[in-house]
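K.L.:
Pasting the sequence and the predicted model now:
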Amino acid sequence: MPNVGASSEGHGLHGGFSHQAAHELSWQRELRGGDLAIEISGIVSEIDPLGVPLQCQRRITPTTGAARMTFRDTAANIGARPTPAPWLYHVNLGAPLWSVGAQLQIPSQAQLPRDKASVPAGANWSVPMLDAPDCSEMVLEHVLDDGTSGRARLTKPRLGVDLLIEWDSSTLPRLHQWLHRA
């Protein structure tokens, strides 16, 4: 997990952790209030550049009868010494969801552009930009409201879509929004 961004310092895109095969795979199913829930789990392990073993146990639970899927990760340093471990989650949304008529809601205090190319996105971050400047990407950091859970909601009424992503902002306090023209 030594890298969460573009390839750099000998680490690939988002580091090697996301490219590791899971082990200790399992699944189980159960009825919950008349709906079938299936829990799928596995563990991904990696040795960081300092030789410290890191692991993440992921549980994914989709449920029938509800348009809901839960991801629960438990990340752990299972080594004998502390090591930095940046963590990145991302969701890629494009057409037809992120297109004309879509609305993004993020309860943030401010939107900070990463660089000069990202400044135009500051005023238009909540809707797809039809007249985006000619650049490959724009990135905004959303400064989240203190003491609230992290939340991003994308609605697309024409498609009947209301996508809600929630997380614990006390453990994942930052949200970056990447906007790509292409």
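P.N.:
Alright, I've got the coordinates. From a predicted model like this one, the values you see are computed outputs, not experimental measurements.
K.L.:
residues making contact with the lengthiest strand in the chain?
P.N.:
When the chain is parsed with DSSP state E, its longest strand is strand 35-47. Contacts of strand 35-47 with the rest of the structure, by C-beta atoms under 8 Å, 6 or more residues apart in numbering, involve 1, 16-17, 20-31, 53-66. Quick note: C-beta positions are derived from backbone N, CA and C, even for glycine.
K.L.:
for Pro128, what are its contacts?
P.N.:
Pro128 is in contact with Trp98, Ser99, Val100, Ala102, counting by C-beta under 8 Å, 6+ apart.
K.L.:
typo on my end, Arg68
P.N.:
By C-beta under 8 Å, 6+ apart, Arg68 lies in contact with Pro62.
K.L.:
Which residue comes closest to the most far-flung residue of the chain relative to its centre once chain neighbours are left out?
P.N.:
In the chain, counting by C-alpha atoms, centre = their mean, Gly34 sits farthest out from the average C-alpha position, at 30.1 Å. Excluding the flanking residues, the one nearest Gly34 by C-beta to C-beta, 6 or more residues apart in numbering is Gly65, at 6.8 Å.
K.L.:
Against Arg72, how distant is that neighbour?
P.N.:
Gly65 sits 20 Å away from Arg72, going by C-beta to C-beta, to the nearest Å.
K.L.:
Off-centre distance for the helix or strand of the chain with the lowest mean pLDDT?
P.N.:
Lowest mean confidence among the helices and strands of the chain (mean pLDDT, DSSP states H and E): strand 174-180, at a mean of 87. Put simply, strand 174-180 sits 10 Å off its chain's centre (C-alpha atoms, centre = their mean, to the nearest Å).
K.L.:
still on that earlier bit, give me the sheet partners of the longest strand of the chain and which way each runs.
P.N.:
strand 23-32 (antiparallel), strand 53-63 (antiparallel) (DSSP bridges).
K.L.:
Throw the ones you listed into JSON lines and include mean neighbour count and distance to Thr171, thanks.
P.N.:
JSON lines is the format used below for the strands paired with strand 35-47 (neighbours: other C-beta atoms under 10 Å; distance: least, C-beta to C-beta, whole Å):
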{"stretch": "strand 23-32", "mean neighbour count": "10", "distance to Thr171": "23"}
{"stretch": "strand 53-63", "mean neighbour count": "16", "distance to Thr171": "13"}
